[in-house]
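> no sequence for this one, just the structure:
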């Protein structure tokens, strides 16, 4: 069933909203992300080699898919499709949005995630972008299947399946990271509670004040005795004649 121009416009709007700036995260993920920052400040364990290796493999596959989509879209001749001009214009606009995302937005998100492999906000940002990308690119693929050549449709459909695979992979990683962070935060909370309980159980220190202890006397100031000024000797000069 072909997509209407109205549905395609809605999908394109969703895609541009995803690129315009951060949206509101899911409550559970937002809470976990905020708590993760607290855990990092308190000295959490470094990222494991297995986690980094898994992420690098996922990102490499996504970059390969991005290059394939850009190459296949450049070979699509939407202007030759046997369909009305409005559908051609909408499909061309969707294809341009996909290419712009793959060239500008996606590389920045990949670089951000490489710098913070287990960051939930960065992982969710990339996942959300893939979700919007799948919707918009899917409309182009469906239109290619209806109006384009068989070769155009086949190559684009393979690319769409690759995007779907990456989207599911990042969704699974997000779920695993959320569980790991919750476990780590539960451990930190237990440590804080144990430390507070130990501090409350410790006996208070006693300070003994002896009221009979003599108060030290202040040193007495010495009186300064001023000596009288010495008298000048009388003059011995004889009187003038």
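Structure received. A quick note: this is a predicted structure, and the numbers were derived from the prediction, not measured. Numbers count the residues shown, from 1 in each chain.

> what's the neighbour count on the nearest residue to residue 126 once chain neighbours are set aside?
Setting aside the residues directly before and after it, residue 126 is nearest to residue 109 in space (C-beta to C-beta, 6 or more residues apart in numbering), at 4.6 Å. Any C-beta I mention is one placed from the backbone N, CA and C, and that applies to glycine too. Residue 109 has 20 neighbours, counted by other C-beta atoms under 10 Å.

> ok, the one 10 residues further on next?
Using other C-beta under 10 Å, residue 119 is surrounded by 18 other residues.

> how much space separates it from residue 168?
20 Å (C-beta to C-beta, to the nearest Å).

> go on, residue 72?
21 Å.

> show me which of these two is the more surrounded one.
Between residue 72 and residue 168, counting by other C-beta under 10 Å, residue 72 is the more crowded of the two (19 against 12).

> the more buried one: what's it in contact with?
By C-beta atoms under 8 Å, 6 or more residues apart in numbering, the residues touching residue 72 are 152, 155, 156, 159.

> please repeat the previous calculation with a cut-off of 6 Å.
With contacts defined as C-beta atoms under 6 Å, 6 or more residues apart in numbering, the neighbours of residue 72 are 155, 156, 159.

> pLDDT weak spots in the chain?
Along the chain, the parts satisfying pLDDT under 70 run over 1-45, 206, 208-241.

> now do the helices in it.
In the chain, the helices defined using DSSP state H lie at 5-20, 27-41, 49-74, 85-100, 106-115, 120-147, 150-201.

> list the buried residues in the third one.
Okay, so that is helix 49-74. By 16 or more other C-beta atoms under 10 Å, the buried positions in helix 49-74 come out as 51, 55, 58, 59, 62, 65, 66, 68, 69, 72, 73.

> how close does the residue lying closest to the fourth one once chain neighbours are set aside sit to residue 61?
In space, residue 59 comes closest to residue 110 once its chain neighbours are excluded; the distance is 5.4 Å by C-beta to C-beta, 6+ apart. Taken as C-beta to C-beta, the spacing of residue 110 relative to residue 61 amounts to 11 Å.

> can you check residue 199 too?
Distance from residue 199 to residue 61, by C-beta to C-beta: 50 Å.
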